[in-house]
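Peer 1: Quick one: sequence plus predicted model below, questions after.
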Amino acid sequence: MADQIAIQDGARPWKPSGGSELVETYGYYDQPTLGLIRQAGLPYVFRCVDLVDDHYSVWAYALIEDREVARLSDAEDLQLALAEVTAGKPFTVALAHEEAGIFEWWFIGELEGSPSILDSEAIRRALLPIVTELRNRLTHVREHVVEELAH
């Protein structure tokens, strides 16, 4: 799937695999939080969408085209340009720990309303069914372990 960025377990969000190159940093707060990565020659915009607490963060990645990279480079209003070049694109969303790096990720296709990578709320809504499924699986595992320990 060409839209999906390759991610390696334990990688830093701004360098999600050994083949990734951080090309441009648009936002920085103790680490890159918004920027441009190239992977296998393809450009991806990345953004820290959310901080879950002091240790965990949610990241989004969207494939853009080379002409859109030029649009970002020439933009007087970077936020507007980012919104325009990522609106309606599929996203890969990753969870990361500040020390352990990325530990889970999902590909999210088209989102309702064609949000951009700047729309944190839309990305959170897209994650809700995934998080709910994980919670249900963990509940099932916990119940199974409790049952096994009771015997």
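Peer 2: Received it, and whenever you're ready, just let me know what you need. Computed from a predicted model, the values in this text were never measured in an experiment.

Peer 1: buried stuff in whichever helix in the chain runs longest?
Peer 2: Scanning the chain for the longest helix, with DSSP state H as the assignment, gives helix 120-150. For helix 120-150, a neighbour-count test (16 or more other CB atoms under 10 Å) marks 122-123, 126-127 as buried. (Each C-beta comes from the backbone N, C-alpha and C, glycine too.)

Peer 1: Ok, stretch 55-72 next?
Peer 2: Within stretch 55-72, the residues scored as buried using 16+ other CB under 10 Å are 57-64, 68-69, 72.

Peer 1: As a markdown table, those residues with distance to residue 25, pLDDT and secondary structure would be great.
Peer 2: A markdown table is the format used below for these (distance: CB to CB, whole Å; pLDDT from 0 to 100; DSSP: H, G, I helix; E, B strand; the rest coil):
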| residue | distance to residue 25 | pLDDT | secondary structure |
| --- | --- | --- | --- |
| 57 | 16 | 92 | strand |
| 58 | 19 | 93 | strand |
| 59 | 14 | 95 | strand |
| 60 | 16 | 95 | strand |
| 61 | 15 | 96 | strand |
| 62 | 16 | 95 | strand |
| 63 | 18 | 96 | strand |
| 64 | 16 | 96 | coil |
| 68 | 17 | 96 | helix |
| 69 | 14 | 96 | helix |
| 72 | 12 | 94 | helix |
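
Peer 1: Which one of those is nearest to residue 133?
Peer 2: The closest of those to residue 133 turns out to be residue 58 (CB to CB; 16.4 Å).

Peer 1: mind checking how far that closest one is from residue 122?
Peer 2: 13 Å (CB to CB, to the nearest Å).

Peer 1: ditto for residue 145
Peer 2: 36 Å.

Peer 1: same deal with residue 7?
Peer 2: Residue 7 sits 21 Å away from residue 122, going by CB to CB.

Peer 1: what do you get for residue 18?
Peer 2: Using CB to CB, residue 18 is found at 30 Å from residue 122.

Peer 1: Fine by me, we can end here.
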